[in-house]
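> Structure of the sequence below:
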Amino acid sequence: MTADPRTAALERATSESQISLSLDLDGSGESDVETGVPFFDHMLTAFARHSLTDLTVRASGDVHIDVHHTVEDTGILLGQAILAALGDKAGISRYGDALVPLDEALAQAVVDISGRPYLVHSGEPAGYEFHLIGGHFTGSMVRHFFEALTLNARLTVHLRLVEGRDPHHIAEAEFKAFARAFREAKALDPAVAGIPSTKGAL
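Below you'll find the model as predicted:
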């Protein structure tokens with residue numbers, strides 16, 4: 001099992017956003033997040049706390065046009081940082097599963113640190129993608145963020161809303177469920193020798 005620090009620090013700059021991000025997969029859940037999108041800050045803070053990932057994010061983007069570019073580009077960079085910090089993935093648990101409630105909302109996430117990016121996202125009520133949360137963040141951004149993260153971290157993720165009515169609760173339950181499942185999957189397991197795959201690589 002590797003004893004190397006599982007950390008990463010990356011930057012991304014385009015004509016639409018400028019982002020710097022650092023993380024520690026073996027942290028305590030501390031976060032310092034400023035993206036210019038307050039509800040998104042809230043979701044990233046929840047991800048850090050419930051996945052026990054220390055996370056720092058500084059993002060500035062064209063939010064006067066739409067939050068889309070900032071959310072997507074942060075998802076891309078977070079995924080790339082997760083992939084870098086995981087290294088060769090030796091000794092990890094690999095799989096994680098979590099069912100998380102938030103009042104009337106209930107979300108389930110299953111994560112496989114597989115090396116094969118795939119997202120299955122289901123269960124959100126019809127029209128949820130058009131709901132405006134916090135005056136700026138549409139429901140559609142939840143899936144868009146997880147698409148960007150999943151692709152760039154090379155994770156297999158099944159994310160399912162089981163119940164939910166309030167748009168804020170739906171988004172937060174989904175972020176927290178993913179965080180808890182990812183926490184299990186990234187954990188170092190002393191019973192695992194080497195890379196947990198019959199192929200010998202993830």
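> where are the low-confidence patches of the chain?
1-3 (pLDDT under 70).
> how about the strands in it?
Per DSSP state E, the chain carries strands over the ranges 7-13, 17-24, 31-34, 54-61, 95-102, 105-112, 118-122, 132-133, 137-138, 156-163.
> what's in contact with stretch 181-193?
1, 6, 25-26, 50-53, 86, 91-98, 109-113, 155 (CB atoms under 8 Å, 6 or more residues apart in numbering). For every residue, glycine as well, the C-beta is placed using N, CA and C.
> ok, back up a step: wait, which of the strands of the chain is closest to residue 202?
strand 105-112 (9.2 Å; CB to CB).
> Point out the most buried one among the strands of the chain.
strand 105-112 (a mean of 23; mean count of other CB atoms under 10 Å).
> between that one and strand 118-122, what angle do the directions make?
Relative orientation of strand 105-112 versus strand 118-122 (axes from the mean of the first three to the mean of the last three CA atoms, to 10 degrees): 160 degrees.
> and the angle for strand 105-112 with strand 95-102?
Using the same axes, to 10 degrees: strand 105-112 against strand 95-102 is 170 degrees.
> Could you check the angle strand 105-112 makes with strand 156-163?
170 degrees.
> Strand 105-112: partners in the sheet, and parallel or antiparallel?
With DSSP bridges as the test, strand 105-112 is paired with strand 95-102 (antiparallel), strand 156-163 (antiparallel).
> right, and residue 38 touches residue 70 too?
No: applying CB atoms under 8 Å as the test, residue 38 and residue 70 come out as separate, 11.6 Å apart.
> These two: who's more crowded?
More crowded of residue 38 and residue 70, by other CB atoms under 10 Å: residue 70, with 24 against 15.
> Kindly state the beta-bridge partners for the nearest residue to that one once chain neighbours are set aside.
Closest residue in space to residue 70, ignoring its immediate chain neighbours: residue 61 at 3.5 Å, by CB to CB, 6 or more residues apart in numbering. Taking DSSP bridges, one finds residue 17 as the beta-bridge partners of residue 61.
> before we move on, the earlier item: possible to save the strands paired with strand 105-112 as JSON lines with distance to residue 171?
Shown next, in JSON lines, are the strands paired with strand 105-112 (distance: least, CB to CB, whole Å):
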{"stretch": "strand 95-102", "distance to residue 171": "9"}
{"stretch": "strand 156-163", "distance to residue 171": "10"}
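> Of all the ones you listed, which one comes closest to residue 173?
strand 95-102 (4.2 Å).
> CA atoms only for that closest one - export them in CSV, please.
The C-alpha trace of strand 95-102 is given here as CSV (Å, rounded to 0.1, in the frame of the first residue of the first chain):
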residue,chain,number,x,y,z
TYR,A,95,-16.1,0.7,-4.5
GLY,A,96,-18.5,2.9,-2.5
ASP,A,97,-22.2,3.0,-1.9
ALA,A,98,-24.2,5.6,0.0
LEU,A,99,-27.9,6.4,0.6
VAL,A,100,-28.3,9.9,2.0
PRO,A,101,-31.5,11.7,3.1
LEU,A,102,-32.1,15.4,3.4
